[in-house]
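> One predicted model, sequence on top.
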Amino acid sequence: MLNMLKSLNIISPVWNDAPEPWQWAFQDGASPSYEGIVELHDQIMFYLVVILFGVSWMLTSIIVEFGSNKNKIVYKYHNHGTLIELIWTITPALVLIAIAFPSFKLLYLMDEVIDPAMTIKALGHQWYWSYEYSDFVNEDGESIEFDSYLVPTDDLEEGQLRLLEVDNRVVVPVGTHIRFIVTGADVIHSFAVPSLGLKIDAIPGRLNQTSVLVEREGVYYGQCSEICGVHHG
């Protein structure tokens, strides 16, 4: 199958999507779900920045106005501030609603498996991953299965990434709805590929599924996002 996809020029590795030292921003997205996550993050960050500066301005104004030694006298008797109570009640509610609707929409789209063209099963072990292409068979008529181990640090070649390189990579076509069925063989693992917006728990005795649509060619690094043991990675 690997040779077939390479001959069709479907999986030519153009660049590697991986974390970089001292990285501040997100990795480059390569799927609609990841782009949705980044967009939701930017939207929420806008509200957070506005709230931060607004509250900071009010606190600073109060400190400057009443923190001096002039001992300014404020109202001896406070009236019932109905207007300001409405403002500080309705405004946060509107902000939460503006955040909740895009968030729920994104969660629904990420959980929805849309007519997958191929299925890949991922089984987490201590400490490697097993994969099965259920829709493809080899010369013996059996589904394609293989194990994927981390490349030891001493065996890394120039340009390879520590704790990210594996001996057998998962190969998928571009522009295809792919379903991942994930479970664990021993302890709880978590199958994650940040650039594709993938992260799903691999729980022994339970099958979890998610889908992804890869939009461009590349090499996308993933890892186990659950502390599963000494060789977790």
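Yep, that arrived.

> tell me, which strand in this protein spans the most residues?
Counting by DSSP state E, the longest strand found in the chain is strand 128-137.

> Name the next helix or strand following that one along the chain.
For strand 128-137, the succeeding helix or strand toward the C-terminus, using DSSP states H and E, is strand 143-148.

> what pLDDT, on average, does that next one get?
Average pLDDT, strand 143-148: 92.

> Can you point out the buried residues in the following helix or strand past that strand?
Sequence-wise, the next helix or strand downstream of strand 143-148 (DSSP H and E) is strand 177-184. Within strand 177-184, the residues scored as buried using 16 or more other Cβ atoms under 10 Å are Ile178, Arg179, Phe180, Ile181, Val182, Thr183, Gly184. C-betas here are computed from N, CA, C, even on glycine.

> In the sheet, which strands lie alongside the longest strand of the chain, parallel or antiparallel?
strand 118-125 (antiparallel), strand 143-148 (antiparallel) (DSSP bridges).

> Now tabulate the ones you listed in a markdown table and tack on mean neighbour count and distance to Leu163.
Listed next are the strands paired with strand 128-137 as a markdown table, based on neighbours: other Cβ atoms under 10 Å; distance: least, Cβ to Cβ, whole Å:
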| stretch | mean neighbour count | distance to Leu163 |
| --- | --- | --- |
| strand 118-125 | 20 | 16 |
| strand 143-148 | 14 | 14 |
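
> Out of the ones you listed, which is closest to Asp154?
Asp154 lies closest to strand 143-148 among the strands paired with strand 128-137, at 18.6 Å (Cβ to Cβ).
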